[in-house]
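> Okay, here's the prediction I keep looking at, along with the sequence it came from:
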Amino acid sequence: MDAIGPVTDTVKDVVPTVKKYVKYQICYNDYVNKFKDMQTKLERRRVDVAAELRAQLVQPGKIAKQEVEAWLKVAEQETAENLVEDLICKGGCFTYICSSRKLDKRTQSLNEEIFKQGEKYTNAGESLVVDDHSIEHYATVFKEKQGQLKLRQQDIKAKLETWLLQPGKMASNEVKDWMEKAGQQIDIKVEDLISQGECSSPSDLRKKTKELKQILEQGKEFTNAGVILVIDDHSIKGFPLPVEKCSGRDDIQEKILEWLKGDKVTRIAVTGMGGVGKTTIRKNVHNQLLNESKFNKVIWVKVSKDFDIIVQQKKKFHILKFQRKIASSLKLEQEPEGQENETKLAGLISEKLREGNSVLILDDVWQLFCLEDVGIPILDGNNGCKLVLTTRLQDVARAMECKVIPVNPLPLEEALALFLKKVGSDVLLDGRIKGDIKPFLEQILQKCGGVPLAIVTVAKSMRGKMLARHWKSALSEFSKFESIVDCLKFSYECLEPQCQECFLYCALYPEDAEIKKEKLIEYWIEEGLIYKEGKTREAMNWKGHDIVDKLVDNCLLELARGSEYRVSMHDLVREMALEISPQFLVKAGMALEKLPEEDEWREDLLKVSLMKNHITEIPSRMLPPKCAMLTTLLMSKNNISTIPEAFFEHMLGLKILDLSNNWQLRRLPSSVSKLKKLTTLLLLKCSSLREVPSLSKLVGLKKLDLSWTSIEELPQGLNMLTNLKYLGLGGRLYETLDEPLQNLSKLQHLLVDANLNDKAEFKRETIGIWGKLQNLEKLALRFLDNLNMVFGEVGAIAESAPLLAGTFSSLQYIRVWRCNKIKKLFLVRWLGYLQKLQTIHVGDCEQLEEIIGSESEEEEKVTLPKLERLELT
């Protein structure tokens, strides 16, 4: 028992001490937890400050403030994961009592000195950065600006090259000077500036960067819409015309050149029948004159029958039309159309033609006219201007006091050489005409009468015909021919039916018209001449180009001078086409001021073309034409202001109605609503048009163009046009298109084009197209001032009408032009809907920043696998 007593006493003594240490242990754990809680709060603040700093450092030329960097470093140290344990291990807190006190002080220090100090760095508007004034910074800025300048130079160069495609143009001095300065800046190596001592301090490099920025800013002016980068190149005499060498006409060409170089002859007329080669001779002479140092200007102007009708009618505005052609060739500044003064323009032309030594060539003159009225100076041998004209009429040549050079048909030997050259080697054996073919060939050649146009056209039609029976069959056709025009028909008859119809359509244009290929092919598509169920519009367009090439190859069309995008028709070929088409009424480009008389609107008419005239109204007293078979009515480019309500009453078979470019037309008559077979209605650039009747019954309509009109509300029944494939709209009309668009599932081409009156009316910032647009191939947007993105948020669209699977799955072409607020075309998320996109063309969009706008750094990579062309102008 005695032994137990001391033990008990010892335990009694120890218990209070143990309790004391247990108490300190509990307190110590509390302090540790408080410290770690403070560490957690500080870590959150450190992360926030670091994130804000990264965001502010995105600004170019900025670096972190030293105090911010120091605070972040301390905060990182104080929030280390095992800081408490490290302090204990290093003896920083060697007893519970001591460690508790130190931890408490350390916690207070974190809160008072570090955590609260970091609070100001999280305040809104607090700047955590300062300007970077180091030489390294300015070197980086210089290189960035060099990159921007290089891109701008490339853009301006591309735009300049497009402008220089115009004949007779050269870059302006301002553009050339800027391009040179930009090139010099781009070639600078900033490392050399620093290493060679030219820029030994940040301030030196800052000055160099400022100079570069000034040149970059100057270049911005040349990218603006409407800024012209070229001027007339007065050193150019003219441009060579595409032409083949004349067969058997060398002596005529030499004689003309001899007279032009001499002083005795000042007016020359090349005369002869149609197709005999007058124009070919004239083109060859023109091209040879370009190499003659004696002449500083060679001017060529096509006259044609239209002008001669004008002269007979003494129409002032037609004289002006002819004068404008000459003035344009002379690069004279002209008043806007409708404001010209005939006498003033004649004076300007005369003055210009008297400068230096010039040759004026007038092709296809049919009627005597007064040279002075037009501004062509009386040629007395001393004024430096000589005149060459071609005409079929020797009386006209003599009346205009010209030295006449007649062009006769080719003799048989030369005619045969030309024929064999064009027909190819299939008819030859050992260099000679095959015996079984020769008699038929010679008789066919005789029918051509030595006329080069007929010889070439017929020969090209017979290419590839190697068997005698082919030539015998052709001769049986030729036996019916009595004229050169009849010979040309043979070439027409050798065409496939589709090509024949397309060829005849060309005759609806005015004589000597330069026809845009794209516009012609659009007409063919609208007429149904190029159509196959399921074919894309692009495929039909390419088929149209194939047909154009075939017609050119067979000499039924020819490329317009200086352009691969336009074609024209020889007047004899056009005469032949109209002769084949008795159910055509064509009075295009004939200066008509009123509609043809009632008796000319025959019941059997199929097509009527009155385009490019000066018709101002259709009189209300005129009975509606009874043309039940009429399928095509072309009345574009007139000045029509009113159309009687019942005018279309008896044209119920009408398929194509083109009233475009009638800027005074205010309303469309109600009888249009009855044209149930209508497939094409063109009203573009009828800028005064405000009223269109209901279209609900025109369910066969495939093309509707209302762009550049003043229509403020969508026509009634637009949502019923479920077969529509082409739709052109003004900006204000698109504002209300959302619901009707949902029914236009066959739409292939959509044009939204705001005119000068409704640019401000287009309020949308994105196009926001939705609906069943799986077949849309082409989207064109022009003059939409408030547009800042083509397609907006997918999610935003989905809230009102979800995008259907396949939407835009056929879209191949996007063109955006003069949308001055647009900054990006579309977001990355849209790429998945645009997998067939082939061409993107953006022009004159001043604020464009991105083609494809990103939304985050972690977006899934999506590509445009079919993209072939990206054009920025």
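Ah, there it is.

> Do I have it right that residue 662 meets residue 635?
Yes - with contact defined as CB atoms under 8 Å, residue 662 and residue 635 form a contacting pair (7.3 Å). (Each C-beta comes from the backbone N, C-alpha and C, glycine too.)

> Residue 387 in helix, strand or coil?
strand (DSSP: H, G, I helix; E, B strand; the rest coil).

> Can you tell me the number of residues neighbouring the closest residue to it other than its chain neighbours?
Setting aside the residues directly before and after it, residue 387 is nearest to residue 267 in space (CB to CB, 6 or more residues apart in numbering), at 4.7 Å. Neighbouring residues of residue 267 were enumerated by other CB atoms under 10 Å; the total is 18.

> Residue 747: what's it in contact with?
724, 725, 726, 727, 741, 773, 775, 776 (CB atoms under 8 Å, 6 or more residues apart in numbering).

> What ranges does the stretch 551-700 of the chain have for its helices?
Using DSSP state H, counting those that start in this stretch, the helices of the stretch 551-700 of the chain run over 571-580.

> From the contacts of residue 747, which shows the smallest pLDDT?
Lowest in pLDDT among the contacts of residue 747 is residue 741, which has 72.

> roughly how far apart are that residue and residue 786?
19 Å (CB to CB, to the nearest Å).

> Low-confidence ranges, the stretch 501-650 of the chain, go.
Applying pLDDT under 70 to the stretch 501-650 of the chain picks out residues 532-534, 561-563.

> Just the element for the nearest residue to residue 248 once chain neighbours are set aside, please.
Leaving aside its chain neighbours, residue 248 sits nearest to residue 414 (3.8 Å; criterion: CB to CB, 6+ apart). Secondary structure from DSSP states H and E places residue 414 in helix 412-423.

> Which helix or strand lies directly C-terminal to that helix?
Per DSSP H and E, the helix or strand that comes after helix 412-423 is strand 428-429.

> got the contact list for the next helix or strand after that following strand?
Downstream of strand 428-429, the first helix or strand assigned by DSSP H and E is strand 432-433. With contact meaning CB under 8 Å, 6+ apart, strand 432-433 is reached by 420, 427, 441.

> In helices, which of the contacts of residue 747 appear?
residue 741 (DSSP state H).

> Need the phi and psi values for residue 816.
The phi and psi values for residue 816, taken as degrees, to the nearest 10, are phi -130, psi 120.

> What strand or helix carries residue 270?
Counting by DSSP H and E, residue 270 is part of strand 267-271.

> just checking, what packs against the next helix or strand after that strand?
Using DSSP H and E, the next helix or strand after strand 267-271 towards the C-terminus is helix 278-289. Judged by 3 or more CB pairs under 8 Å, 6 or more residues apart in numbering; DSSP states H and E, the packing partners of helix 278-289 are helix 250-261, strand 267-271, strand 297-302, strand 358-365, strand 385-391.

> Could you give the separation between the terminal residues of stretch 612-621?
With CA to CA, to the nearest Å applied, stretch 612-621 spans 24 Å between its terminal residues.

> how about that stretch: buried residues?
612, 613, 614, 615, 617, 618 (16 or more other CB atoms under 10 Å).

> Now render these as TSV, adding distance to residue 693.
Converted to TSV, the buried residues of stretch 612-621 look like this (distance: CB to CB, whole Å):
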residue	distance to residue 693
612	27
613	25
614	27
615	22
617	19
618	16
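
> where does residue 215 land in three-state SS?
What three-state DSSP gives for residue 215 is helix.

> Check what pLDDT it gets.
89.

> Report the contact partners of it.
149, 178, 181, 182, 185 are the contacts of residue 215 under CB under 8 Å, 6+ apart.

> switch the cut-off to 10 Å
By CB atoms under 10 Å, 6 or more residues apart in numbering, the residues touching residue 215 are 145, 149, 152, 153, 178, 181, 182, 184, 185, 186.

> So the first one lies in a strand, does it not?
If I follow you right, that is residue 145. No - applying three-state DSSP, one finds residue 145 to be helix, outside a strand.

> which residue sits closest to it in space, ignoring its chain neighbours?
Residue 145 sits nearest to residue 212 (CB to CB, 6+ apart), 5.0 Å away.

> what's around that neighbour, how many residues?
Residue 212: 22 neighbours (other CB under 10 Å).

> can you start the count at 769 instead of 1 from here on
That works, and once the first residue is 769, the last one we named lands at residue 980.

> So for it, what pLDDT did the model give?
87.

> just checking, it touches residue 953?
Yes - counting by CB atoms under 10 Å, residue 953 is a contact partner of residue 980 at 5.1 Å.

> Identify the contacts common to those two.
Shared between the contact lists of residue 980 and residue 953 (criterion: CB under 10 Å, 6+ apart) are residues 910, 913, 914, 917.

> isn't the first one right up against residue 980?
Yes - using CB under 10 Å, residue 910 is in contact with residue 980, at 6.5 Å.

> Between those two, which contacts overlap?
What both residue 910 and residue 980 touch, as defined by CB under 10 Å, 6+ apart, is the set 953, 956.

> for the closest residue to residue 1017 other than its chain neighbours, what are its contacts?
Spatial nearest neighbour of residue 1017, excluding adjacent residues (CB to CB, 6+ apart): residue 1049 at 5.4 Å. Contact partners of residue 1049, counting by CB under 10 Å, 6+ apart, are 1011, 1014, 1017-1018, 1020-1021, 1024, 1038, 1040, 1156, 1158, 1173, 1175.

> Can you tell me how far residue 1029 is from residue 1404?
From residue 1029 to residue 1404 the distance is 46 Å (CB to CB).

> Which one's more surrounded, those two?
Neighbour count, other CB under 10 Å: between residue 1029 and residue 1404, residue 1404 has more, with 21 against 13.

> Please report how far that one lies from residue 1410.
Counting by CB to CB, the gap from residue 1404 to residue 1410 is 17 Å.

> With residue 990 instead?
46 Å.

> what about the two, which has more around it?
Taking neighbours as other CB under 10 Å, residue 990 and residue 1410 compare with residue 990 leading, 20 against 16.

> That one contacts residue 940, doesn't it?
Yes - between residue 990 and residue 940 there is a contact under CB under 10 Å: 9.4 Å.

> Common neighbours of the two, please.
928, 946, 996, 997.

> Have a look at this structure and report the helix or strand with the lowest mean pLDDT.
Counting by mean pLDDT, DSSP states H and E, the chain has its least confident helix or strand at helix 1562-1568, which shows a mean of 35.

> quick one: contacts for residue 910?
Contacts of residue 910 (CB under 10 Å, 6+ apart): 953, 956, 958, 961, 967, 973, 974, 976, 977, 980, 981.

> now the last one, nearest residue through space, not along the chain?
Take residue 981 and drop its neighbours on the chain: the residue closest to it by CB to CB, 6+ apart is residue 913, 5.9 Å away.

> wait, what's in contact with the one you found?
Per CB under 10 Å, 6+ apart, neighbours of residue 913: 953, 976, 977, 978, 979, 980, 981, 983, 984.

> switch the cut-off to 8 Å
977, 980, 981, 984.

> Same check on residue 1253?
For residue 1253, the contact set (CB under 8 Å, 6+ apart) comprises 1340, 1343, 1344, 1347.

> could you give the mean pLDDT of whichever helix or strand it is part of?
According to DSSP H and E, residue 1253 maps onto helix 1252-1261. The pLDDT scores in helix 1252-1261 average 85.

> Name the next helix or strand downstream of that helix, please.
By DSSP H and E, the next helix or strand past helix 1252-1261 is helix 1265-1274.

> Packing partners of that next one?
helix 1252-1261, helix 1285-1295, helix 1305-1321, helix 1339-1348.

> of all those helices, which lies closest to residue 1485?
helix 1285-1295 (20.2 Å; CB to CB).
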